[in-house]
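Enquirer: no sequence on hand, only this structure:
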DNA sequence: ATACACTTTTAGCCTAACCTAAATTTTATT
DNA sequence: AATAAAATTTAGGTTAGGCTAAAAGTGTAT
């Protein structure tokens, strides 16, 4: 019996998934901020999610929520939709990488399994979306995500960009202009302990980035 | 100021458009049947649609509804989305013509103008969807629709199928099997005044169709 | 240990869109 | 023209998912 989840429910599950990185539980406040909803509304909704059958989340008052296995499967299904769609919009329909997130955010809730299968096939079963985020496979297994932030590197380290945060279109446009895209190789030249600025070399050019940028770029050591 | 219309609102506008063929107004009952909703709910919703600013429908108690120009534009925008999507799903993603309606029904509400423009371009600005229904152009002008039903023909008339009703997947699968698709040429061989059956020749073969089928096929004279 | 600042929950309200049952209006039939 | 049948509207209720304001819990710093 496959339940129909509402759009709001799916949005909560995705948000809880995103905020539960290291087995931590997601707090009411953080969820409220991420979803642009009042904290009180989040409390109410979480209670409902905890009382579905089967329950989608585990909830203890004042101690945040985590996903149950059922809830996590549902979240992964939506994330798979989202990232396949981003890839499809980018690769097959010519959307720029700063446009795909918003469009996928709406489409992910309504596409059928058939649609998912078709674009997955057309794309040749991609493993990463245009921002470098891994796409859960058909069995909804999420590959490991790069978690080292560029902001943590110090000279003279080198690295390759693996992925970037996909939620801020302005940031993405800026990154693209500077070739700060997945796959790019870079060297750290200097670090300012005062403002956290990093001077780095990329494509033979030298650029200086503040923490507001470097915090959103994830790398693997070269 | 472009208003955001809810999904329910869009569904009502589409249904009213479909039922208002000859300048007639759509009745509460017919809307209820088409939308699978209780008649009382339709009355309530229609009242709300008539009180938006600008109003989307004209409503007189006990006399049905018609779309205002604003409402009609909105309906045509959705229908354009729907038919472009059907065409895209069919031509570019390999959906069969009996599957596209259901999928488009969900997608039509969430795609952006950008998405619309992209698939329109990829398809080469198509004028008809896979069932032969005309696609409103960018200015939302709806081309004339064929309105002669196959059921009205008598021997020895000949005709070409222009479009078929797209809502019943089972019917569509049957029609495809018999090559009863837009563009096919056929000749009427016989008509039974008792049961309305038509005997016709298509592709050199002779087949007999009842009114439940011929009523849903629209033709132009050959 | 007390006090203040956050965070979270409770309580009470709201809206969109549905529902059923009962009342009313329109239409069709004699 | 009266009445029966059908269509429509009213009245009152439900659910999901929001909101604000106030209460209560948690944590931190003195």
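Expert: Nice, thanks for sending it over. Predicted, not measured: the structure shown is a model, and the values here were computed from it. Numbers count the residues shown, from 1 in each chain, chains lettered A, B, ... in the order given.
Enquirer: get me the contact residues on chain A for chain B.
Expert: Counting by Cβ under 8 Å from any Cβ of the partner chain, chain A comes close to chain B at A:89, A:93-95, A:99, A:102-103, A:106-107, A:109-112, A:114-115, A:118-119, A:122. Every C-beta, even on glycine, is put in place using the N, C-alpha and C of the backbone.
Enquirer: hmm, 6 Å instead?
Expert: A:93, A:103, A:106, A:107, A:110, A:112, A:118 (Cβ under 6 Å from any Cβ of the partner chain).
Enquirer: ok, and the most crowded of those?
Expert: residue A:107 (24 neighbours; other Cβ atoms under 10 Å in any protein chain shown).
Enquirer: before we move on, which element is the nearest residue to that residue once chain neighbours are set aside in?
Expert: Spatially, and ignoring its direct neighbours in sequence, residue A:107 is nearest to residue A:85 (5.2 Å; Cβ to Cβ, 6 or more residues apart in numbering or on different chains). According to DSSP states H and E, residue A:85 maps onto helix A:69-91.
Enquirer: didn't the residue nearest to residue A:107 look like it was pressed against residue A:104?
Expert: Yes. At 4.0 Å, residue A:85 counts as touching residue A:104 under the criterion of Cβ atoms under 6 Å.
Enquirer: any bit of the helix holding residue A:85 sitting next to DNA strand D?
Expert: No. Judged by Cβ under 7 Å from any atom of the strand, helix A:69-91 makes no contact with DNA strand D; its nearest approach is 13.1 Å.
Enquirer: may I see the buried residues of that helix?
Expert: By 16 or more other Cβ atoms under 10 Å in any protein chain shown, the buried positions in helix A:69-91 come out as A:70-72, A:74-91.
Enquirer: do stretch A:90-102 as well
Expert: For stretch A:90-102, by 16+ other Cβ under 10 Å, it's A:90, A:91, A:93, A:95, A:97, A:98, A:99, A:100, A:101, A:102.
Enquirer: any low-confidence regions in chain A?
Expert: Applying pLDDT under 70 to chain A flags residues A:1-2.
Enquirer: can you give me the helices for it?
Expert: A:7-19, A:28-35, A:39-50, A:69-91, A:100-107, A:113-122, A:169-177, A:211-214 (DSSP state H).
Enquirer: can you give me the buried ones in the last one?
Expert: The one in question is helix A:211-214. Quick answer for helix A:211-214 (16+ other Cβ under 10 Å): A:213, A:214.
Enquirer: can you give the contact residues for it?
Expert: A:150, A:151, A:196, A:198 (Cβ atoms under 6 Å, 6 or more residues apart in numbering or on different chains).
Enquirer: buried ones among the residues you listed?
Expert: A:150, A:151, A:198.
Enquirer: right, and the first one touches residue A:221 too?
Expert: In other words, residue A:150. No. Contact between residue A:150 and residue A:221 fails when scored by Cβ under 6 Å: they sit 11.6 Å apart.
Enquirer: quick one: name the residues of chain A near DNA strand D.
Expert: Checking chain A against DNA strand D by Cβ under 7 Å from any atom of the strand, the hits are A:6-9, A:11, A:36-38, A:40-41, A:44-45, A:48, A:61-62.
Enquirer: looking at these, spot the one nearest residue B:28.
Expert: Set against residue B:28, the nearest of the residues of chain A next to DNA strand D by Cβ to Cβ is residue A:6 (27.8 Å).
Enquirer: surely residue A:216 and residue A:165 touch.
Expert: Yes. Using Cβ under 6 Å, residue A:216 is in contact with residue A:165, at 4.0 Å.
Enquirer: who's more crowded, those two?
Expert: Remark: of residue A:216 and residue A:165, residue A:216 carries more neighbours, 20 against 17, as counted by other Cβ under 10 Å.
Enquirer: and that one, what does it touch?
Expert: A:164, A:165.
Enquirer: roughly how far apart are it and DNA strand C?
Expert: Distance, residue A:216 to DNA strand C, by Cβ to the nearest atom of the strand, to the nearest Å: 22 Å.
Enquirer: can you check residue A:177 too?
Expert: Residue A:177 is 35 Å from DNA strand C, by Cβ to the nearest atom of the strand.
Enquirer: give me the neighbour count for residue A:122.
Expert: Using other Cβ under 10 Å, residue A:122 is surrounded by 16 other residues.
Enquirer: once you drop chain neighbours, what's closest to it?
Expert: Residue A:122 sits nearest to residue A:92 (Cβ to Cβ, 6+ apart), 6.5 Å away.
Enquirer: next one: that neighbour from DNA strand D, what distance?
Expert: From residue A:92 across to DNA strand D, the span is 31 Å (Cβ to the nearest atom of the strand).
Enquirer: swap in residue A:54?
Expert: For residue A:54, the distance to DNA strand D (Cβ to the nearest atom of the strand) stands at 15 Å.
Enquirer: show me the contacts for that residue.
Expert: residue A:70.
Enquirer: rerun at 7 Å
Expert: Each residue near residue A:54 by Cβ atoms under 7 Å, 6 or more residues apart in numbering or on different chains is listed here: A:68, A:70.
Enquirer: what does residue A:175 give?
Expert: Residue A:175 neighbours (Cβ under 7 Å, 6+ apart): A:164, A:181.
Enquirer: related to what we said a few turns ago, distance to residue A:130 added to the buried ones among the contacts of helix A:211-214, as TSV?
Expert: Listed next are these as TSV, based on distance: Cβ to Cβ, whole Å:
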residue	distance to residue A:130
A:150	18
A:151	22
A:198	24
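Enquirer: sorry, back to before: please pick the buried ones from the residues of chain A next to DNA strand D.
Expert: A:9, A:11, A:37, A:45.
Enquirer: what subset of those is also close to DNA strand C?
Expert: Counting by Cβ under 7 Å from any atom of the strand, no member of these reaches DNA strand C.
Enquirer: closest to DNA strand D among the residues you listed?
Expert: residue A:37 (4.0 Å; Cβ to the nearest atom of the strand).
Enquirer: from chain B, how far out is residue A:203?
Expert: For residue A:203, the distance to chain B (Cβ to the nearest Cβ, to the nearest Å) stands at 30 Å.
Enquirer: so what's that residue closest to, chain neighbours aside?
Expert: Nearest residue to residue A:203 in three dimensions, chain neighbours excluded: residue A:179, at 5.7 Å (Cβ to Cβ, 6+ apart).
Enquirer: how far away is that neighbour from chain B?
Expert: Counting by Cβ to the nearest Cβ - residue A:179 and chain B are separated by 25 Å.
Enquirer: if I look at that residue, how far off is DNA strand C?
Expert: 37 Å.
Enquirer: count of neighbours near that residue?
Expert: 14.
Enquirer: one more: the one 4 residues further on?
Expert: Burial measure for residue A:183: 9 neighbouring residues, criterion other Cβ under 10 Å.
Enquirer: for the residue nearest to residue A:107, what are its contacts?
Expert: A:104, A:107, A:108.
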